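> Okay, sequence plus prediction incoming.
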Amino acid sequence: MTIAATIRIQQGDFDVAQEIARLSKGRTDIGAVVSFSGICRGTEDSEPIAALTLEHYPGMAEAEIKRHADEAIARWPLQGLTIIHRFGRIAPGENIVLVVTASSHRQAAFEAAEFLMDYLKTNAPFWKQEESARGKSWIEARSHDDDAAARWKKS
Amino acid sequence: MTIAATIRIQQGDFDVAQEIARLSKGRTDIGAVVSFSGICRGTEDSEPIAALTLEHYPGMAEAEIKRHADEAIARWPLQGLTIIHRFGRIAPGENIVLVVTASSHRQAAFEAAEFLMDYLKTNAPFWKQEESARGKSWIEARSHDDDAAARWKKS
Amino acid sequence: MKVKYFAWVRERVGKAEETVEPPADVRTIDDLIAWLSRRGEDYAYAFEKPKVIRAAIDQAHVKSDAVIAGAREIAFFPPMTGG
Amino acid sequence: MKVKYFAWVRERVGKAEETVEPPADVRTIDDLIAWLSRRGEDYAYAFEKPKVIRAAIDQAHVKSDAVIAGAREIAFFPPMTGG
(Lines give C-alpha, C1' and ligand atoms only; values in the text may rest on other atoms or scores of the structure.)
Protein backbone atom coordinates (compact mmCIF):
# COMPACT_ATOMS: atom_id res chain seq x y z
CA MET A 1 0.00 0.00 0.00
CA THR A 2 1.47 3.32 -1.06
CA ILE A 3 0.26 6.41 0.71
CA ALA A 4 0.33 9.99 -0.53
CA ALA A 5 1.68 12.70 1.71
CA THR A 6 -0.32 15.86 2.35
CA ILE A 7 1.96 18.86 1.76
CA ARG A 8 0.92 22.46 2.29
CA ILE A 9 2.96 25.66 1.99
CA GLN A 10 0.78 28.41 3.37
CA GLN A 11 0.76 31.85 4.94
CA GLY A 12 -1.98 31.11 7.48
CA ASP A 13 -1.74 29.13 10.70
CA PHE A 14 -2.56 25.43 11.02
CA ASP A 15 -4.32 23.37 13.67
CA VAL A 16 -2.09 20.59 15.01
CA ALA A 17 -5.03 18.72 16.54
CA GLN A 18 -6.99 18.72 13.31
CA GLU A 19 -4.00 17.44 11.34
CA ILE A 20 -3.36 14.61 13.82
CA ALA A 21 -7.05 13.67 13.78
CA ARG A 22 -7.18 13.70 9.97
CA LEU A 23 -4.45 11.01 9.83
CA SER A 24 -5.73 8.72 12.55
CA LYS A 25 -9.49 9.19 12.98
CA GLY A 26 -11.62 6.12 12.37
CA ARG A 27 -8.61 3.94 11.53
CA THR A 28 -7.58 0.81 13.39
CA ASP A 29 -4.34 0.03 11.53
CA ILE A 30 -2.30 2.87 13.03
CA GLY A 31 -0.42 2.21 16.25
CA ALA A 32 1.64 5.36 16.56
CA VAL A 33 1.24 9.01 15.61
CA VAL A 34 4.14 11.42 16.06
CA SER A 35 3.71 15.16 15.61
CA PHE A 36 6.42 17.79 15.53
CA SER A 37 5.46 21.46 15.78
CA GLY A 38 8.13 24.08 15.24
CA ILE A 39 7.23 27.31 17.02
CA CYS A 40 8.67 30.82 16.67
CA ARG A 41 10.71 31.62 19.76
CA GLY A 42 10.89 35.09 21.28
CA THR A 43 14.69 35.08 21.21
CA GLU A 44 17.45 34.26 18.72
CA ASP A 45 20.92 33.71 20.25
CA SER A 46 19.57 35.17 23.55
CA GLU A 47 18.45 38.42 21.85
CA PRO A 48 14.73 39.23 21.97
CA ILE A 49 13.07 39.34 18.56
CA ALA A 50 9.79 40.96 17.48
CA ALA A 51 9.02 38.49 14.68
CA LEU A 52 10.42 36.25 11.97
CA THR A 53 9.67 36.66 8.29
CA LEU A 54 9.95 33.53 6.19
CA GLU A 55 10.72 33.86 2.51
CA HIS A 56 10.37 30.82 0.26
CA TYR A 57 10.83 29.74 -3.33
CA PRO A 58 7.31 28.94 -4.56
CA GLY A 59 7.20 25.81 -6.66
CA MET A 60 10.60 24.57 -5.61
CA ALA A 61 9.54 24.46 -1.94
CA GLU A 62 6.64 22.13 -2.77
CA ALA A 63 8.80 20.00 -5.09
CA GLU A 64 11.66 19.68 -2.57
CA ILE A 65 9.35 18.75 0.27
CA LYS A 66 7.51 16.25 -1.92
CA ARG A 67 10.80 14.58 -2.84
CA HIS A 68 11.70 14.17 0.82
CA ALA A 69 8.20 13.02 1.72
CA ASP A 70 8.43 10.35 -1.00
CA GLU A 71 11.81 9.28 0.34
CA ALA A 72 10.38 8.96 3.86
CA ILE A 73 7.48 6.88 2.53
CA ALA A 74 9.94 4.60 0.73
CA ARG A 75 12.21 4.20 3.78
CA TRP A 76 9.69 3.75 6.60
CA PRO A 77 6.36 1.85 6.78
CA LEU A 78 4.15 4.93 7.08
CA GLN A 79 0.37 4.96 6.95
CA GLY A 80 0.01 8.71 6.91
CA LEU A 81 2.21 11.79 6.48
CA THR A 82 1.41 15.49 6.66
CA ILE A 83 3.88 18.36 6.23
CA ILE A 84 2.86 22.00 6.57
CA HIS A 85 5.28 24.93 6.32
CA ARG A 86 4.23 28.55 6.76
CA PHE A 87 5.74 31.62 5.11
CA GLY A 88 5.39 35.35 5.73
CA ARG A 89 5.60 37.20 9.05
CA ILE A 90 5.33 35.02 12.14
CA ALA A 91 5.26 36.34 15.72
CA PRO A 92 6.84 34.63 18.75
CA GLY A 93 4.64 31.80 20.03
CA GLU A 94 3.14 31.16 16.58
CA ASN A 95 3.53 27.93 14.60
CA ILE A 96 6.09 27.72 11.79
CA VAL A 97 6.15 24.10 10.68
CA LEU A 98 4.32 20.83 11.31
CA VAL A 99 5.23 17.23 10.52
CA VAL A 100 2.82 14.42 11.44
CA THR A 101 3.67 10.76 10.80
CA ALA A 102 1.43 7.73 11.37
CA SER A 103 2.64 4.13 11.40
CA SER A 104 2.00 0.73 12.97
CA HIS A 105 5.47 1.02 14.48
CA ARG A 106 6.52 3.75 16.86
CA GLN A 107 10.15 3.82 15.76
CA ALA A 108 9.16 4.32 12.11
CA ALA A 109 6.89 7.21 13.09
CA PHE A 110 9.65 8.85 15.18
CA GLU A 111 12.45 8.34 12.65
CA ALA A 112 10.47 9.55 9.64
CA ALA A 113 9.43 12.73 11.52
CA GLU A 114 13.04 13.43 12.57
CA PHE A 115 14.35 12.76 9.07
CA LEU A 116 11.84 15.19 7.56
CA MET A 117 12.53 17.92 10.12
CA ASP A 118 16.29 17.61 9.60
CA TYR A 119 15.80 17.97 5.85
CA LEU A 120 13.36 20.87 6.14
CA LYS A 121 15.94 22.71 8.26
CA THR A 122 18.74 22.33 5.73
CA ASN A 123 17.32 21.67 2.25
CA ALA A 124 13.86 23.15 1.87
CA PRO A 125 14.15 26.57 0.15
CA PHE A 126 13.00 28.78 3.04
CA TRP A 127 14.93 31.65 4.60
CA LYS A 128 14.27 33.26 7.96
CA GLN A 129 14.75 36.95 8.63
CA GLU A 130 14.51 38.23 12.19
CA GLU A 131 13.20 41.59 13.35
CA SER A 132 14.70 42.97 16.55
CA ALA A 133 15.54 46.29 18.18
CA ARG A 134 18.68 46.29 16.01
CA GLY A 135 16.69 46.04 12.78
CA LYS A 136 16.20 43.17 10.36
CA SER A 137 18.77 40.50 9.67
CA TRP A 138 18.89 37.13 7.94
CA ILE A 139 19.39 34.14 10.21
CA GLU A 140 22.49 32.14 9.36
CA ALA A 141 22.44 28.42 8.67
CA ARG A 142 23.84 26.31 11.49
CA SER A 143 26.38 23.59 11.01
CA HIS A 144 24.73 21.38 13.65
CA ASP A 145 21.61 21.33 11.46
CA ASP A 146 23.75 20.08 8.56
CA ASP A 147 25.23 17.42 10.83
CA ALA A 148 21.73 16.33 11.89
CA ALA A 149 20.66 16.03 8.24
CA ALA A 150 23.82 14.14 7.25
CA ARG A 151 23.06 11.23 9.60
CA TRP A 152 20.24 10.11 7.26
CA LYS A 153 22.52 9.81 4.20
CA LYS A 154 22.75 6.25 3.01
CA SER A 155 26.36 5.14 2.80
CA MET B 1 15.05 26.20 35.60
CA THR B 2 13.65 22.84 36.64
CA ILE B 3 10.29 21.83 35.27
CA ALA B 4 7.81 19.37 36.72
CA ALA B 5 6.33 16.70 34.50
CA THR B 6 2.57 16.16 34.36
CA ILE B 7 1.87 12.45 34.82
CA ARG B 8 -1.59 10.92 34.69
CA ILE B 9 -2.65 7.27 34.88
CA GLN B 10 -6.31 7.19 34.01
CA GLN B 11 -9.14 5.04 32.67
CA GLY B 12 -10.70 7.75 30.49
CA ASP B 13 -9.50 9.08 27.17
CA PHE B 14 -7.29 12.12 26.72
CA ASP B 15 -7.25 14.97 24.21
CA VAL B 16 -3.91 15.21 22.40
CA ALA B 17 -4.62 18.75 21.17
CA GLN B 18 -5.43 20.01 24.65
CA GLU B 19 -2.26 18.49 26.10
CA ILE B 20 -0.07 20.01 23.37
CA ALA B 21 -1.74 23.40 23.87
CA ARG B 22 -1.31 23.23 27.64
CA LEU B 23 2.48 22.94 27.23
CA SER B 24 3.00 25.58 24.57
CA LYS B 25 0.17 28.11 24.71
CA GLY B 26 1.16 31.71 25.42
CA ARG B 27 4.86 30.83 25.69
CA THR B 28 7.62 32.22 23.51
CA ASP B 29 10.55 30.19 24.84
CA ILE B 30 9.54 26.87 23.25
CA GLY B 31 10.81 26.10 19.77
CA ALA B 32 9.71 22.50 19.39
CA VAL B 33 6.84 20.34 20.62
CA VAL B 34 6.84 16.60 19.91
CA SER B 35 3.82 14.45 20.66
CA PHE B 36 3.61 10.67 20.52
CA SER B 37 0.20 9.00 20.65
CA GLY B 38 0.01 5.24 20.98
CA ILE B 39 -3.25 3.93 19.56
CA CYS B 40 -4.92 0.51 19.94
CA ARG B 41 -4.62 -1.37 16.65
CA GLY B 42 -7.32 -3.68 15.36
CA THR B 43 -4.85 -6.54 14.91
CA GLU B 44 -2.13 -8.25 16.95
CA ASP B 45 0.30 -10.39 14.94
CA SER B 46 -2.08 -10.14 11.94
CA GLU B 47 -5.03 -11.53 13.97
CA PRO B 48 -8.06 -9.24 14.40
CA ILE B 49 -8.75 -8.27 18.01
CA ALA B 50 -11.91 -6.93 19.65
CA ALA B 51 -10.16 -4.92 22.35
CA LEU B 52 -7.19 -4.66 24.69
CA THR B 53 -7.47 -4.61 28.46
CA LEU B 54 -4.65 -2.89 30.27
CA GLU B 55 -3.88 -3.90 33.84
CA HIS B 56 -1.49 -1.79 35.91
CA TYR B 57 0.11 -1.67 39.33
CA PRO B 58 -1.38 1.43 40.99
CA GLY B 59 1.19 3.45 42.88
CA MET B 60 4.17 1.76 41.28
CA ALA B 61 3.06 2.85 37.79
CA GLU B 62 3.05 6.51 38.86
CA ALA B 63 6.38 6.14 40.71
CA GLU B 64 8.11 4.33 37.80
CA ILE B 65 6.92 6.87 35.25
CA LYS B 66 7.90 9.76 37.52
CA ARG B 67 11.43 8.32 37.86
CA HIS B 68 11.80 8.14 34.08
CA ALA B 69 10.28 11.59 33.61
CA ASP B 70 12.82 13.00 36.09
CA GLU B 71 15.62 11.24 34.22
CA ALA B 72 14.43 12.74 30.92
CA ILE B 73 14.31 16.21 32.50
CA ALA B 74 17.87 15.73 33.79
CA ARG B 75 19.19 14.48 30.44
CA TRP B 76 17.52 16.85 27.98
CA PRO B 77 16.78 20.62 28.14
CA LEU B 78 12.99 20.28 28.35
CA GLN B 79 10.56 23.10 29.02
CA GLY B 80 7.51 20.91 29.35
CA LEU B 81 6.67 17.21 29.66
CA THR B 82 3.35 15.38 29.85
CA ILE B 83 2.85 11.61 30.10
CA ILE B 84 -0.60 10.03 30.16
CA HIS B 85 -1.19 6.25 30.24
CA ARG B 86 -4.66 4.70 30.19
CA PHE B 87 -5.76 1.44 31.81
CA GLY B 88 -8.89 -0.70 31.49
CA ARG B 89 -10.61 -1.86 28.30
CA ILE B 90 -9.57 -0.01 25.15
CA ALA B 91 -11.12 -0.60 21.71
CA PRO B 92 -9.24 -0.47 18.38
CA GLY B 93 -8.70 3.11 17.25
CA GLU B 94 -8.71 4.44 20.82
CA ASN B 95 -5.75 6.14 22.49
CA ILE B 96 -3.56 4.17 24.92
CA VAL B 97 -0.65 6.43 25.76
CA LEU B 98 0.56 9.99 25.19
CA VAL B 99 3.96 11.62 25.61
CA VAL B 100 4.39 15.34 24.85
CA THR B 101 7.77 17.06 25.13
CA ALA B 102 8.52 20.76 24.70
CA SER B 103 11.99 22.21 24.25
CA SER B 104 13.93 25.02 22.57
CA HIS B 105 15.72 22.33 20.61
CA ARG B 106 14.03 19.90 18.27
CA GLN B 107 16.46 17.05 18.85
CA ALA B 108 15.96 17.23 22.63
CA ALA B 109 12.19 17.09 22.18
CA PHE B 110 12.44 14.08 19.84
CA GLU B 111 14.98 12.15 21.90
CA ALA B 112 13.22 12.64 25.22
CA ALA B 113 9.90 11.46 23.73
CA GLU B 114 11.54 8.35 22.24
CA PHE B 115 13.39 7.59 25.46
CA LEU B 116 10.16 7.79 27.46
CA MET B 117 8.20 5.63 25.02
CA ASP B 118 10.93 2.97 25.00
CA TYR B 119 10.86 2.88 28.80
CA LEU B 120 7.07 2.83 29.03
CA LYS B 121 7.07 -0.20 26.71
CA THR B 122 9.49 -2.20 28.79
CA ASN B 123 9.57 -0.92 32.38
CA ALA B 124 6.28 0.68 33.35
CA PRO B 125 4.13 -1.86 35.23
CA PHE B 126 1.33 -2.26 32.68
CA TRP B 127 0.19 -5.50 31.05
CA LYS B 128 -1.92 -5.85 27.93
CA GLN B 129 -4.47 -8.59 27.43
CA GLU B 130 -6.09 -9.02 24.03
CA GLU B 131 -9.63 -10.18 23.29
CA SER B 132 -10.15 -11.99 20.01
CA ALA B 133 -12.33 -14.72 18.49
CA ARG B 134 -10.00 -17.21 20.21
CA GLY B 135 -10.68 -15.74 23.67
CA LYS B 136 -8.47 -13.67 25.93
CA SER B 137 -4.70 -13.89 26.09
CA TRP B 138 -1.85 -11.88 27.55
CA ILE B 139 0.40 -10.15 25.06
CA GLU B 140 4.01 -11.24 25.36
CA ALA B 141 6.87 -8.81 25.79
CA ARG B 142 8.98 -8.31 22.68
CA SER B 143 12.74 -8.46 22.63
CA HIS B 144 12.96 -5.63 20.09
CA ASP B 145 11.30 -3.38 22.68
CA ASP B 146 14.01 -4.34 25.17
CA ASP B 147 16.66 -3.57 22.54
CA ALA B 148 15.07 -0.16 21.91
CA ALA B 149 15.11 0.62 25.64
CA ALA B 150 18.71 -0.59 26.06
CA ARG B 151 20.10 2.04 23.66
CA TRP B 152 19.45 4.75 26.29
CA LYS B 153 21.55 3.06 29.00
CA LYS B 154 24.56 5.12 29.92
CA SER B 155 27.75 3.11 29.55
CA MET C 1 4.26 -8.83 54.44
CA LYS C 2 1.81 -8.10 51.64
CA VAL C 3 2.31 -9.93 48.32
CA LYS C 4 0.65 -8.73 45.10
CA TYR C 5 0.24 -10.54 41.79
CA PHE C 6 -0.46 -9.05 38.38
CA ALA C 7 -1.57 -10.22 34.90
CA TRP C 8 -1.20 -13.97 34.32
CA VAL C 9 0.66 -14.46 37.60
CA ARG C 10 -2.46 -13.12 39.34
CA GLU C 11 -4.73 -15.34 37.25
CA ARG C 12 -2.69 -18.47 37.96
CA VAL C 13 -2.33 -17.83 41.70
CA GLY C 14 -6.05 -17.05 41.76
CA LYS C 15 -5.82 -13.88 43.83
CA ALA C 16 -4.62 -10.30 43.46
CA GLU C 17 -2.98 -10.03 46.86
CA GLU C 18 -2.49 -11.71 50.21
CA THR C 19 -0.53 -11.38 53.43
CA VAL C 20 2.16 -14.00 54.07
CA GLU C 21 4.58 -14.71 56.90
CA PRO C 22 7.49 -16.66 55.40
CA PRO C 23 10.01 -18.27 57.81
CA ALA C 24 13.28 -16.49 58.55
CA ASP C 25 15.32 -18.61 56.11
CA VAL C 26 13.34 -17.12 53.19
CA ARG C 27 15.80 -14.27 52.58
CA THR C 28 15.59 -13.31 48.90
CA ILE C 29 13.03 -12.96 46.10
CA ASP C 30 14.28 -16.33 44.76
CA ASP C 31 13.68 -17.90 48.18
CA LEU C 32 10.21 -16.38 48.37
CA ILE C 33 9.30 -17.72 44.90
CA ALA C 34 10.48 -21.22 45.95
CA TRP C 35 8.57 -20.99 49.22
CA LEU C 36 5.35 -19.75 47.53
CA SER C 37 5.65 -22.48 44.87
CA ARG C 38 5.38 -25.11 47.60
CA ARG C 39 2.06 -23.68 48.84
CA GLY C 40 -0.04 -25.45 46.20
CA GLU C 41 -0.57 -26.30 42.56
CA ASP C 42 -1.81 -22.83 41.63
CA TYR C 43 1.38 -21.27 42.98
CA ALA C 44 3.57 -23.95 41.39
CA TYR C 45 1.90 -23.21 38.03
CA ALA C 46 2.28 -19.41 38.42
CA PHE C 47 5.97 -19.74 39.25
CA GLU C 48 6.83 -22.73 37.03
CA LYS C 49 9.33 -20.61 35.05
CA PRO C 50 10.88 -18.40 37.75
CA LYS C 51 13.22 -16.76 35.22
CA VAL C 52 10.37 -14.98 33.42
CA ILE C 53 8.87 -13.62 36.63
CA ARG C 54 9.65 -9.97 37.48
CA ALA C 55 9.51 -8.69 41.05
CA ALA C 56 9.18 -5.38 42.86
CA ILE C 57 9.84 -4.55 46.50
CA ASP C 58 7.88 -1.57 47.82
CA GLN C 59 6.99 -0.58 44.25
CA ALA C 60 10.52 -0.58 42.82
CA HIS C 61 11.88 -3.17 40.38
CA VAL C 62 14.38 -5.60 41.97
CA LYS C 63 16.46 -8.56 40.82
CA SER C 64 15.67 -12.05 42.02
CA ASP C 65 18.59 -12.07 44.49
CA ALA C 66 17.26 -8.97 46.28
CA VAL C 67 16.88 -9.37 50.06
CA ILE C 68 13.27 -9.09 51.24
CA ALA C 69 13.93 -8.20 54.90
CA GLY C 70 11.94 -5.10 55.87
CA ALA C 71 9.73 -5.15 52.77
CA ARG C 72 6.13 -4.06 53.28
CA GLU C 73 4.90 -4.98 49.81
CA ILE C 74 6.32 -7.45 47.31
CA ALA C 75 4.85 -7.88 43.82
CA PHE C 76 5.26 -10.58 41.16
CA PHE C 77 4.32 -10.11 37.51
CA PRO C 78 5.23 -11.04 33.92
CA PRO C 79 7.47 -8.80 31.76
CA MET C 80 5.71 -5.47 31.23
CA THR C 81 3.83 -4.72 28.00
CA GLY C 82 2.67 -1.13 28.47
CA GLY C 83 3.08 1.84 26.18
CA MET D 1 16.84 32.28 -19.24
CA LYS D 2 15.10 33.47 -16.10
CA VAL D 3 17.26 34.08 -13.01
CA LYS D 4 15.72 34.33 -9.54
CA TYR D 5 17.27 35.62 -6.32
CA PHE D 6 16.17 34.96 -2.76
CA ALA D 7 16.80 36.32 0.75
CA TRP D 8 19.96 38.46 1.06
CA VAL D 9 21.07 37.59 -2.47
CA ARG D 10 17.81 39.17 -3.67
CA GLU D 11 18.32 42.21 -1.42
CA ARG D 12 21.89 42.77 -2.61
CA VAL D 13 21.12 42.32 -6.31
CA GLY D 14 18.13 44.61 -5.80
CA LYS D 15 15.60 42.50 -7.70
CA ALA D 16 13.75 39.22 -7.28
CA GLU D 17 14.12 38.03 -10.87
CA GLU D 18 15.26 38.97 -14.32
CA THR D 19 15.83 37.50 -17.75
CA VAL D 20 19.44 37.23 -18.91
CA GLU D 21 21.17 36.05 -22.09
CA PRO D 22 24.71 35.06 -21.12
CA PRO D 23 27.19 34.36 -23.95
CA ALA D 24 27.87 30.76 -25.01
CA ASP D 25 31.09 30.46 -23.03
CA VAL D 26 29.10 30.77 -19.78
CA ARG D 27 28.61 27.02 -19.34
CA THR D 28 28.24 26.30 -15.61
CA ILE D 29 26.72 27.82 -12.47
CA ASP D 30 30.25 28.99 -11.53
CA ASP D 31 30.59 30.70 -14.92
CA LEU D 32 27.18 32.34 -14.53
CA ILE D 33 28.07 33.67 -11.06
CA ALA D 34 31.32 35.13 -12.45
CA TRP D 35 29.48 36.65 -15.41
CA LEU D 36 26.71 38.15 -13.23
CA SER D 37 29.33 39.55 -10.81
CA ARG D 38 30.78 41.65 -13.65
CA ARG D 39 27.40 43.30 -14.33
CA GLY D 40 27.74 45.85 -11.54
CA GLU D 41 28.53 46.58 -7.91
CA ASP D 42 25.24 45.17 -6.59
CA TYR D 43 25.92 41.83 -8.27
CA ALA D 44 29.55 41.84 -7.18
CA TYR D 45 28.40 42.39 -3.59
CA ALA D 46 25.73 39.65 -3.78
CA PHE D 47 28.23 37.13 -5.13
CA GLU D 48 31.32 38.31 -3.24
CA LYS D 49 31.62 34.90 -1.52
CA PRO D 50 30.59 32.46 -4.27
CA LYS D 51 31.20 29.46 -1.98
CA VAL D 52 28.27 30.33 0.30
CA ILE D 53 25.83 30.79 -2.60
CA ARG D 54 23.48 27.89 -3.32
CA ALA D 55 21.94 27.35 -6.74
CA ALA D 56 18.98 25.56 -8.29
CA ILE D 57 18.29 24.76 -11.92
CA ASP D 58 14.62 24.36 -12.79
CA GLN D 59 13.77 24.14 -9.07
CA ALA D 60 16.23 21.39 -8.15
CA HIS D 61 19.40 21.92 -6.08
CA VAL D 62 22.61 21.72 -8.13
CA LYS D 63 26.32 22.02 -7.44
CA SER D 64 28.29 24.96 -8.73
CA ASP D 65 29.84 22.94 -11.58
CA ALA D 66 26.41 22.03 -12.99
CA VAL D 67 25.93 22.83 -16.69
CA ILE D 68 23.26 25.46 -17.35
CA ALA D 69 22.50 24.63 -21.00
CA GLY D 70 18.77 24.15 -21.52
CA ALA D 71 17.81 25.65 -18.15
CA ARG D 72 14.60 27.68 -18.08
CA GLU D 73 14.98 28.98 -14.53
CA ILE D 74 18.10 29.36 -12.41
CA ALA D 75 17.95 30.52 -8.79
CA PHE D 76 20.61 31.81 -6.39
CA PHE D 77 20.16 31.99 -2.64
CA PRO D 78 21.95 31.66 0.73
CA PRO D 79 21.98 28.38 2.69
CA MET D 80 18.42 27.47 3.66
CA THR D 81 17.10 28.19 7.15
CA GLY D 82 13.58 26.73 7.07
CA GLY D 83 11.94 24.33 9.48
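In hand now; what should we look at?
> Could you pull up the residues touching the closest residue to chain B within chain A?
Nearest residue of chain A to chain B (C-beta to the nearest C-beta) works out as A:Ala17 at 2.8 Å. In this view, the C-beta of every residue, glycine as well, is placed from N, C-alpha and C. A:Ala17 is in contact with B:15-18, B:20, counting by C-beta atoms under 8 Å, 6 or more residues apart in numbering or on different chains.
> one more time with 6 Å
By C-beta atoms under 6 Å, 6 or more residues apart in numbering or on different chains, the residues touching A:Ala17 are B:Ala17.
> That one should be in a helix, yeah?
Yes: according to DSSP: H, G, I helix; E, B strand; the rest coil, A:Ala17 belongs to a helix.
> count of residues packed around C:Asp25?
7 (other C-beta atoms under 10 Å in any protein chain shown).
> Roughly how far does it sit from C:Ala69?
12 Å (C-beta to C-beta, to the nearest Å).
> do A:Gly12 as well
65 Å.
> quick one: low-confidence ranges for the chain?
Here I'm looking at chain A. A:1, A:155 (pLDDT under 70).
> Tell me the residues on it that lie near chain B, please.
A:16-17, A:20, A:28, A:30-39, A:41-42, A:92-93, A:106, A:110, A:114, A:117 (C-beta under 6 Å from any C-beta of the partner chain).
> what about C:Met80, how many neighbours?
Neighbour count of C:Met80, defined by other C-beta under 10 Å: 26.
> no wait, C:Ala24
Neighbours of C:Ala24 (other C-beta under 10 Å): 6.
> now do A:Ile84
23.
> same deal with C:Gly82?
The burial count for C:Gly82: 26, using other C-beta under 10 Å.
> which stretches of chain A form strands?
Applying DSSP state E to chain A gives strands spanning A:6-10, A:32-39, A:43-44, A:47-48, A:51-56, A:78-86, A:88-90, A:95-103, A:126-132, A:135-138.
> hmm, stretch C:60-74 in reach of chain B?
No: figure legend: stretch C:60-74 not in contact with chain B (C-beta under 6 Å from any C-beta); closest approach 7.1 Å.
> Skip the chain neighbours and tell me the closest residue to A:His68.
A:Tyr119 (4.7 Å; C-beta to C-beta, 6 or more residues apart in numbering or on different chains).
> these two touch, right, A:Val100 and A:Ile84?
No: contact criterion C-beta atoms under 6 Å: A:Val100 and A:Ile84 do not qualify, at 8.6 Å.
> which residues sit in contact with A:Ile7?
A:65-66, A:83.
> Which of those residues are buried? Put it as a ChimeraX command.
With 16 or more other C-beta atoms under 10 Å in any protein chain shown as the criterion, this ChimeraX line picks the buried residues out of the contacts of A:Ile7:
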select /A:65,83
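> could I get the contacts of A:Ile7 as CSV with distance to D:Gly83?
Shown next, in CSV, are the contacts of A:Ile7 (distance: C-beta to C-beta, whole Å):
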residue, distance to D:Gly83
A:Ile65, 11
A:Lys66, 16
A:Ile83, 11
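> Could you check what's spatially nearest to whichever residue of chain A sits closest to chain D, not counting adjacent residues?
Among all residues of chain A, A:Phe126 sits closest to chain D, at 2.9 Å; criterion: C-beta to the nearest C-beta. Using C-beta to C-beta, 6+ apart and skipping residues adjacent in sequence, the residue nearest A:Phe126 is D:Gly82, 2.9 Å away.
> and the one you found, that's in a strand?
No: with three-state DSSP as the criterion, D:Gly82 is assigned coil and is not in a strand.
> List the contacts of it.
A:120, A:124, A:126.
> run the last query once more with 7 Å
Counting by C-beta atoms under 7 Å, 6 or more residues apart in numbering or on different chains, D:Gly82 makes contact with A:85, A:120-121, A:124, A:126.
> of all those residues, which comes closest to A:Ala72?
A:Leu120 (11.3 Å; C-beta to C-beta).
> For chain A, what lies in contact range of chain D?
Residues of chain A lying near chain D by C-beta under 7 Å from any C-beta of the partner chain: A:38, A:55, A:57, A:59-60, A:63, A:85, A:97, A:117, A:120-128, A:138-139, A:141.
> Quick one: buried ones out of these?
A:38, A:55, A:57, A:60, A:85, A:97, A:117, A:120-128, A:138-139, A:141.
> OK, contacts around the closest residue to A:Leu54 other than its chain neighbours?
In this structure, A:Leu54 finds its nearest non-sequential neighbour in A:Phe87, 4.5 Å apart by C-beta to C-beta, 6+ apart. When contacts are counted by C-beta under 7 Å, 6+ apart, A:Phe87 touches A:9, A:11, A:54-56, A:126.
> give me that answer again for 10 Å
A:Phe87 sits next to A:9-11, A:53-58, A:61, A:96, A:126-127, D:82 when contact means C-beta atoms under 10 Å, 6 or more residues apart in numbering or on different chains.
> out of everything not next to it in sequence, what's closest to whichever residue of chain A sits closest to chain C?
Going by C-beta to the nearest C-beta, chain C is nearest to A:Arg106 of chain A, at 7.9 Å. Spatially, and ignoring its direct neighbours in sequence, A:Arg106 is nearest to A:Ala32 (4.0 Å; C-beta to C-beta, 6+ apart).
> tally of neighbours for the one you found?
Count around A:Ala32 with other C-beta under 10 Å applied: 24.
> now C:Leu36
23.
> what's the answer for C:Arg38, then?
9.
> what's the answer for A:Trp152, then?
Around A:Trp152 there are 16 residues (other C-beta under 10 Å).
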